[in-house]
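>>> I would like to see how this sequence folds:
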Amino acid sequence: MTTHLMTKSTVAIAALTTLVGALMAAPAWGQNYPVTADQRQTANQVAETGVPLGEVAASAPDRYTIKSGDTLWAISGLFLKRAWRWPELWGMNLNDIKNPHLIYPGQILVLERKNGMARLRVEGAQATGEAPTDTVRVSPRTRYETLSSGALPTLRSSVIEAFLAEPIIVDEAGLKAAPRIVSTQEGRVMVTRGDRAYVRGPNGTPLMDDQPQLQQFRIFRNATPLKDPTTSEVLGYEAQYVGKATLVRGETTAEIENKDGSLSTAVVPATIDIVGAKEEMRVGDRMLPEPPRQLLTYTPHAPEAKVSGRIVSVYGNAVVNAAQNQVVAINRGTRDGMEVGHVMAILKDGARMVDKSDEERPLMKLPDERNGLLMVFRTFDRLSYALILEITDGVRVGDRLTNPR
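Just a heads-up that it's a prediction; the model follows:
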């Protein structure tokens with residue numbers, strides 16, 4: 001029997017449920033994070049010289065022990081004035097940590113200040129890029145591997161997990177082309193998980209079961225138009241997610257006998273089974289194909305080009321102001337150069353008022369003030385979803401966005 005080196009923690013969680021859990025968490029916790037050429041170049045430059053002391057946060061500690069629950073964003077903000085400049089943090093300890101995402105609870109970061117520059121290193125023997133843990137020699141009969149090594153994520157995955165699955169942005173053409181529920185079994189008004197319903201394709205185009213794999217769909221309703229706050233142009237439609245379905249049979253036709261004995265052709269709708277429900281579904285709800293699961297990583301970074309945008313909507317019913325860790329839609333998408341991880345500053349419009357100290361009573365507009373930061377985590381053609389990372393005051397629809405520098 002082959003002997004393997006395994007950590008105590010790996011042995012303890014070697015179970016099928018853990019593997020499934022790791023797979024489900026992969027978008028936020030998977031460890032194969034990319035490092036772009038520009039980020040690596042920045043880190044290499046900083047590794048040679050360090051970071052100017054003026055870029056270091058005033059309250060940066062001399063030593064910090066990484067704890068479970070920390071994130072790369074939080075640690076960057078602990079040592080640097082601008083947390084999105086994570087390549088500088090990585091460059092400061094480039095010799096110790098080859099991959100900035102492989103930073104583990106229990107490691108000790110030491111901030112060194114010398115000749116007007118600052119560098120960050122990992123203390124002692126833990127500066128290996130490996131997870132600090134006791135190692136034991138075991139000979140298991142079955143070998144298990146966990147997909148998450150315990151390294152720190154960029155952001156807490158729980159904050160945005162729901163938004164990766166729920167909101168659906170479609171254009172007008174996509175909305176019109178979405179199949180719709182036309183009937184339920186036994187005339188039920190509402191259906192939920194475990195129920196069966198019947199669906200027709202758009203504009204007389206039958207919904208066919210002609211794919212080699214089982215077809216999965218998301219069910220949604222109330223596609224709300226998202227308009228540009230400046231031009232009032234409809235940029236897309238935000239659909240309310242209500243559930244998931246599997247296509248059982250495709251749409252066909254059948255010959256039926258009329259009362260006078262003649263025959264006519266009738267549509268036989270496609271059949272779906274509801275396999276997941278956030279809310280009960282009903283006739284008129286529409287469907288879109290389940291998109292492929294994306295293993296995304298979230299590496300906060302400032303846009304290279306100049307950016308100017310607006311907040312289009314605050315996600316959630318009856319929500320007027322957005323707070324920290326809430327999601328907003330912005331009027332910039334992939335066609336505008338938006339990328340997952342882009343960090344932008346939120347500006348609060350300065351108030352307009354009359355200068356009463358001047359006899360002529362001129363109109364004044366106070367300067368726009370920075371109100372916080374947000375990070376794009378999901379992009380569409382003309383819109384993106386962004387998470388509010390930091391906030392001073394409530395964020396509203398129409399608030400301006402710009403580069404964070």
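>>> Phi first, then psi, for Ile311.
Dihedral angles of Ile311 (phi, psi; degrees, to the nearest 10) stand at phi -80, psi 130.
>>> Surely it is in contact with Asp399?
Yes. Ile311 lies in contact with Asp399 (CB atoms under 8 Å); the separation is 4.8 Å. For the C-beta atoms, the positions are set from N, CA and C on the backbone; glycine is no exception.
>>> okay, now the nearest residue in space to Lys67 that is not next to it in sequence: neighbour count?
Sequence neighbours aside, Pro105 is the residue nearest to Lys67 in space, at 5.7 Å (criterion: CB to CB, 6 or more residues apart in numbering). Using other CB atoms under 10 Å as the criterion, Pro105 is surrounded by 16 other residues.
>>> Which strand or helix spans Pro105?
Under DSSP states H and E, no helix or strand contains Pro105.
>>> which other residues reach stretch 321-330?
Contacts to stretch 321-330, defined as CB atoms under 8 Å, 6 or more residues apart in numbering, come from residues 159-160, 163, 167, 169, 226, 238, 309-316, 319, 338, 344, 372, 374, 376, 383-391, 394-396, 401.
>>> Need the distance between the two termini of it.
When the termini of stretch 321-330 are compared using CA to CA, to the nearest Å, they are 14 Å apart.
>>> buried stuff in it?
For stretch 321-330, the neighbour count (16 or more other CB atoms under 10 Å) marks 322, 326-330 as buried.
>>> Of those, which is the nearest to Arg286?
For these, the closest approach to Arg286 (CB to CB) belongs to Ala329, at 19.6 Å.
>>> ok, the closest one to Asp228 distance?
11 Å (CB to CB, to the nearest Å).
>>> try Glu257
Applying CB to CB, the value for Glu257 to Asp228 is 55 Å.
>>> Those two - which one has more neighbours?
Neighbours per residue, other CB under 10 Å: of Glu257 and Asp228, the larger number sits with Asp228, 15 against 9.
>>> Now that one. Nearest residue, chain neighbours left out?
The spatially closest residue to Asp228, leaving aside those adjacent along the chain, is Asn331, at 4.9 Å (CB to CB, 6+ apart).
>>> and that neighbour, how many neighbours?
For Asn331, the neighbour count with other CB under 10 Å is 24.
>>> Could you do Val307 as well?
Val307, neighbours per other CB under 10 Å, totals 19.
>>> Then Ala386?
A count of neighbours around Ala386, defined by other CB under 10 Å, yields 29.
>>> For it, give the beta-bridge partners.
Per DSSP bridges, the residues bridged to Ala386 are Val328, Val376.
>>> Make sure it is actually in contact with Met375.
Yes. Contact criterion CB under 8 Å: Ala386 and Met375 qualify, at 6.0 Å.
>>> overlap in contacts of those two?
Residues touching both Ala386 and Met375 (CB under 8 Å, 6+ apart) are Met344.
>>> what are the phi and psi angles of the residue of the chain positioned farthest from its centre?
In terms of distance from the mean C-alpha position of the chain, Asp260 ranks first, at 59.6 Å (CA atoms, centre = their mean). Backbone dihedrals for Asp260, given as degrees, to the nearest 10, come out at phi -90, psi 10.
>>> before we move on, what about Gly54?
phi -70, psi -20.
>>> Name the residues linked to the nearest residue to Thr265 once chain neighbours are set aside by a beta bridge.
Spatial nearest neighbour of Thr265, excluding adjacent residues (CB to CB, 6+ apart): Thr253 at 5.3 Å. Beta-bridge pairing of Thr253 under DSSP bridges involves Val267.
>>> got it, and Leu120?
For Leu120, the beta-bridge partners under DSSP bridges are Leu111.
>>> surely it meets Arg113?
No. Using CB under 8 Å as the test, Leu120 is too far from Arg113 to be in contact (10.5 Å).
>>> neighbour count winner among the two?
More crowded of Leu120 and Arg113, by other CB under 10 Å: Leu120, with 26 against 14.
>>> Could I get the pLDDT score of the more buried one?
We have a pLDDT of 76 for Leu120.
>>> What separation do you get for it and Leu111?
In terms of CB to CB, Leu120 sits 6 Å off from Leu111.
>>> picking that back up, which residues do Ala329 and Asp228 both contact?
Val312.
>>> what ranges do the helices span in the stretch 151-300 of the chain?
Under the criterion DSSP state H, counting those that start in this stretch, helices of the stretch 151-300 of the chain are mapped to 161-165, 172-176.
>>> averaging pLDDT over each of the ones you listed, which comes out lowest?
helix 161-165 (a mean of 64).
>>> per the record, what domains does this structure have?
What the record gives for the chain is the domain set 4-138, 164-289, 308-402, from automatic domain parsing.
>>> Format those as TSV; extra columns: distance to Ala302.
Compiled in TSV, the domains of the chain are given as follows (distance: least, CB to CB, whole Å):
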stretch	distance to Ala302
domain 4-138	6
domain 164-289	23
domain 308-402	6
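>>> To Tyr298, which of these lies closest?
Among those, domain 308-402 sits nearest to Tyr298 (CB to CB), with 5.7 Å.
>>> Poorly predicted segments of this protein, please.
Along the chain, segments meeting pLDDT under 70 span 1-49, 86-103, 124-167, 293-297, 316-320.
>>> can you pull the buried residues of the strand ranked longest in it?
Ranked by residue count under DSSP state E, the longest strand found in the chain is strand 234-249. For strand 234-249, the neighbour count (16+ other CB under 10 Å) marks 235-245, 247 as buried.
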